[in-house]
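A.B. asks: Sharing a model prediction with you, sequence too.
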There are 4 protein chains.
Amino acid sequence: MRVRYGETDQMGHAYYANYLYWLEQARGAWCRDRGFTYRSLEEMGYFLPVVEVFLKYHGEIKYDDDIVVRVRMGEVRRASMRFEYEIVKPGHPKVLTEGHTWHVLMGTERKAVSVPQAVGEMLHRNPADCEPLA
Amino acid sequence: MRVRYGETDQMGHAYYANYLYWLEQARGAWCRDRGFTYRSLEEMGYFLPVVEVFLKYHGEIKYDDDIVVRVRMGEVRRASMRFEYEIVKPGHPKVLTEGHTWHVLMGTERKAVSVPQAVGEMLHRNPADCEPLA
Amino acid sequence: MRVRYGETDQMGHAYYANYLYWLEQARGAWCRDRGFTYRSLEEMGYFLPVVEVFLKYHGEIKYDDDIVVRVRMGEVRRASMRFEYEIVKPGHPKVLTEGHTWHVLMGTERKAVSVPQAVGEMLHRNPADCEPLA
Amino acid sequence: MRVRYGETDQMGHAYYANYLYWLEQARGAWCRDRGFTYRSLEEMGYFLPVVEVFLKYHGEIKYDDDIVVRVRMGEVRRASMRFEYEIVKPGHPKVLTEGHTWHVLMGTERKAVSVPQAVGEMLHRNPADCEPLA
């Protein structure tokens, strides 16, 4: 994705809060690679609100930079899960940002629920076996 | 209100989209001056989505600037209404930004509805006669 | 582009300010189609701040919606220019949002300047004759 | 401060990235309590970019909620410092969000610099001894 002008601040690089939008977008793409959308998860009555964020900003990211957010599922617990991230620029070895988010699975009553089998199956799919969504 | 750092862009002044957040905040304060909150309007089952924005940016607004958004109700139609705005800095005569937003009153079915008497009464209150909310 | 979760509000659709980010992104793509980037324009010492926005929101846009922003250069004056926009969903005839932005060309002194020949040439290129940038 | 409508998402509470704007605003107020502004620090040629964020979201924060961000300076190193935060609602004992940010002091060359005496003096002021800025 490309960094938007409105995502920069007067220091001339991307404002630190905007990275969290990119992580969200990367999680959405992670779902699509596994053949479902986060939207469909909500339509099934499940929500994955963020309960913890940790992010280390190593290198500057500027307007119009072409960035890639690498995302992988880390630890999975009974009702929560961790996503891990690295932000890089294609062709540059340096990891510009790294960190994680913890999410709790919530049901329609907005209470934490154990990951049901149907959802667990979706989260553990192998992208190689899936028809990715556009 | 004070302009946030994250509301600036690399040109060094406030990014044009962020003004729309300020207009919203000013509408919220306008309601409070009339003794109700926009939140309470939604709790009553009414929504005021924006259907039109017009904004002229005359002067620069920068980080940490102390700005005031003057807001007044303009035209009111059967199911819609217009708010008019001027953004100024206290002590400076120049109007930095001016414009308007049009809103449609929607009910819980998310369809336009005529402004009911109870809502009309709230919108036409005279702040001088009201206990403003904090 | 896909609507981000963080671009929605509690009414369940995209917040009205976020559309202005999409217009900006569309202008960036418009430049790329003509073989240059807005970033390179700034590196040449030119800026195109927005001095007017007009936007009509006809239809709802929701999380994860796939949207296309059609952009075209409208009127061009000595030191200013207008971009015109239509937001649609691929495969749906309805125009969901339409409007325009006016921009002033500024030089490094942050004063309006006449569009120089080099810049005018870039803005009037025919995409069909250009190597679009990735 | 009051949570803006545009800071919510379709889950009905404040989007996780927007908390980082509030932390920034709280740091700005922290400076004012010590008789200077972050803006003046930049005018002196110093910048305090964020290099690490950690945030735990314990409780929901909703539109129009009145929130207070408690901020205090934690550890200070040669060229970096940590701010610690707690977000609460006035009158409610529960800490809704807690975390920290690490900042590096940078000079005009955008390289880390040791905290100079003049800046160190500002950061270690006792608000009780200061004329707070409006």
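C.D. replies: Cool, the structure landed. Residues are numbered from 1 along each chain as shown, chains lettered A, B, ... in the order given.

A.B. asks: For chain A, what lies in contact range of chain C?
C.D. replies: A:2, A:4-6, A:20-21, A:24-25, A:28, A:37-39, A:63-64, A:66, A:134 (Cβ under 8 Å from any Cβ of the partner chain). Just so you know, the C-beta spots here come from the backbone N, C-alpha and C atoms, and that holds for glycine as well.

A.B. asks: the helices in chain A, which residues?
C.D. replies: A:19-33, A:38-43, A:117-123 (DSSP state H).

A.B. asks: Point out the most buried one among these.
C.D. replies: helix A:19-33 (a mean of 21; mean count of other Cβ atoms under 10 Å in any protein chain shown).

A.B. asks: elements contacting that one?
C.D. replies: Applying 3 or more Cβ pairs under 8 Å, 6 or more residues apart in numbering or on different chains; DSSP states H and E, one finds that helix A:19-33 contacts helix A:38-43, strand A:50-57, strand A:68-76, strand A:80-88, strand A:97-104.

A.B. asks: Just want the angle from that helix to helix D:19-33.
C.D. replies: 170 degrees (axes from the mean of the first three to the mean of the last three Cα atoms, to 10 degrees).

A.B. asks: Near chain D, which residues of chain A are found?
C.D. replies: Neighbours of chain D within chain A, by Cβ under 8 Å from any Cβ: A:11, A:13, A:16-18, A:20-21, A:24, A:47, A:49-58, A:99.

A.B. asks: Find the centremost residue of chain A, please.
C.D. replies: The structure's chain A has its C-alpha centroid closest to A:Arg27; by Cα atoms, centre = their mean the separation is 2.9 Å.

A.B. asks: Read off the pLDDT value for that one.
C.D. replies: With respect to pLDDT, A:Arg27 has a value of 98.

A.B. asks: The one 4 residues further on too?
C.D. replies: A:Cys31 is assigned a pLDDT of 97 by the prediction.

A.B. asks: cool, and the one 4 residues further on?
C.D. replies: The pLDDT attached to A:Gly35 in the predicted structure is 96.

A.B. asks: Now it: closest residue in space that isn't a chain neighbour?
C.D. replies: Nearest residue to A:Gly35, sequence neighbours excluded (Cβ to Cβ, 6 or more residues apart in numbering or on different chains): A:Cys130, at 4.0 Å.

A.B. asks: Run through chain A and note the low-pLDDT ranges.
C.D. replies: Applying pLDDT under 70 to chain A flags no residue at all.

A.B. asks: Could you list the contact residues of it toward chain B?
C.D. replies: By Cβ under 8 Å from any Cβ, the part of chain A that sits against chain B consists of A:5-6, A:8-13, A:15-18, A:62-63.

A.B. asks: how about a cut-off of 7 Å?
C.D. replies: Neighbours of chain B within chain A, by Cβ under 7 Å from any Cβ of the partner chain: A:5-6, A:8-10, A:12, A:15, A:17, A:63.

A.B. asks: Export those as a markdown table, with columns for distance to B:Gly91.
C.D. replies: What follows is these, written out as a markdown table (distance: Cβ to Cβ, whole Å):
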| residue | distance to B:Gly91 |
| --- | --- |
| A:Tyr5 | 31 |
| A:Gly6 | 29 |
| A:Thr8 | 30 |
| A:Asp9 | 26 |
| A:Gln10 | 23 |
| A:Gly12 | 30 |
| A:Tyr15 | 29 |
| A:Ala17 | 31 |
| A:Tyr63 | 34 |
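
A.B. asks: Return the members of the residues you listed classed as buried.
C.D. replies: Buried by 16 or more other Cβ atoms under 10 Å in any protein chain shown: A:5-6, A:8-10, A:15, A:17, A:63, out of the residues of chain A next to chain B.

A.B. asks: which one among those gets closest to B:Glu75?
C.D. replies: Set against B:Glu75, the nearest of these by Cβ to Cβ is A:Gly6 (30.8 Å).

A.B. asks: Could you give me the buried positions within stretch A:103-111?
C.D. replies: Across stretch A:103-111, burial judged by 16+ other Cβ under 10 Å covers A:103-106.

A.B. asks: and if you look at stretch A:43-51?
C.D. replies: Buried residues in stretch A:43-51, counted by 16+ other Cβ under 10 Å: A:46-51.

A.B. asks: and it, C-alpha only, in PDB?
C.D. replies: C-alpha atoms of stretch A:43-51 as PDB (Å, rounded to 0.1, in the frame of the first residue of the first chain):
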ATOM      1  CA  GLU A  43     -21.800 -11.100   9.900                       C
ATOM      2  CA  MET A  44     -21.500 -14.500  11.700                       C
ATOM      3  CA  GLY A  45     -21.700 -12.600  15.000                       C
ATOM      4  CA  TYR A  46     -18.000 -12.500  15.900                       C
ATOM      5  CA  PHE A  47     -15.800  -9.500  16.600                       C
ATOM      6  CA  LEU A  48     -12.100  -9.300  17.200                       C
ATOM      7  CA  PRO A  49     -11.500  -6.000  19.000                       C
ATOM      8  CA  VAL A  50      -7.900  -5.100  19.800                       C
ATOM      9  CA  VAL A  51      -7.000  -5.400  23.500                       C
END
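
A.B. asks: Now tell me what touches that stretch from outside.
C.D. replies: Residues outside stretch A:43-51 that contact it (Cβ atoms under 7 Å, 6 or more residues apart in numbering or on different chains) are A:101-108, A:119, D:11, D:16, D:56-57.

A.B. asks: Nearest to B:Arg77 among those residues?
C.D. replies: Nearest to B:Arg77 among these, counting by Cβ to Cβ, is D:Met11 at 33.0 Å.

A.B. asks: Is A:Val95 in contact with A:Lys89, as I believe?
C.D. replies: No - A:Val95 lies out of contact with A:Lys89 (Cβ atoms under 7 Å); the separation is 9.9 Å.

A.B. asks: Pull up the gap between A:Tyr46 and A:Gly28, please.
C.D. replies: 15 Å (Cβ to Cβ, to the nearest Å).

A.B. asks: Do I have it right that A:His100 meets A:Ser80?
C.D. replies: No - with contact defined as Cβ under 7 Å, A:His100 does not reach A:Ser80; the gap is 12.0 Å.

A.B. asks: State the distance spanning the first to the last residue of stretch A:88-108.
C.D. replies: Distance between the two ends of stretch A:88-108: 36 Å, counting by Cα to Cα, to the nearest Å.

A.B. asks: Give the buried residues for that stretch.
C.D. replies: By neighbour count on 16+ other Cβ under 10 Å, the buried set for stretch A:88-108 is A:88, A:96-106.

A.B. asks: re earlier: could you pull up the residues touching the residue nearest to the centre of chain A?
C.D. replies: By Cβ under 7 Å, 6+ apart, the contact set of A:Arg27 is A:38, A:71, A:83.

A.B. asks: how about the residues you listed in a markdown table, adding distance to B:Ser114?
C.D. replies: Converted to a markdown table, the contacts of A:Arg27 look like this (distance: Cβ to Cβ, whole Å):
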| residue | distance to B:Ser114 |
| --- | --- |
| A:Tyr38 | 38 |
| A:Val71 | 48 |
| A:Phe83 | 47 |
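
A.B. asks: of all the residues you listed, which comes closest to A:Val113?
C.D. replies: Using Cβ to Cβ, those come closest to A:Val113 at A:Tyr38, 16.5 Å.

A.B. asks: Check the gap between that closest one and A:Ser114 for me.
C.D. replies: A:Tyr38 is 19 Å from A:Ser114, by Cβ to Cβ.

A.B. asks: do the same with A:Tyr63
C.D. replies: With distances taken as Cβ to Cβ, A:Tyr63 is found 43 Å from A:Ser114.

A.B. asks: Please apply the same query to A:His124.
C.D. replies: A:His124 is 15 Å from A:Ser114, by Cβ to Cβ.

A.B. asks: Please apply the same query to A:Cys31.
C.D. replies: The gap separating A:Cys31 from A:Ser114 is 20 Å, by Cβ to Cβ.

A.B. asks: And A:Lys62, by the same measure?
C.D. replies: A:Lys62 is 43 Å from A:Ser114, by Cβ to Cβ.

A.B. asks: same deal with A:Tyr46?
C.D. replies: Separation of A:Tyr46 from A:Ser114 (Cβ to Cβ) stands at 11 Å.
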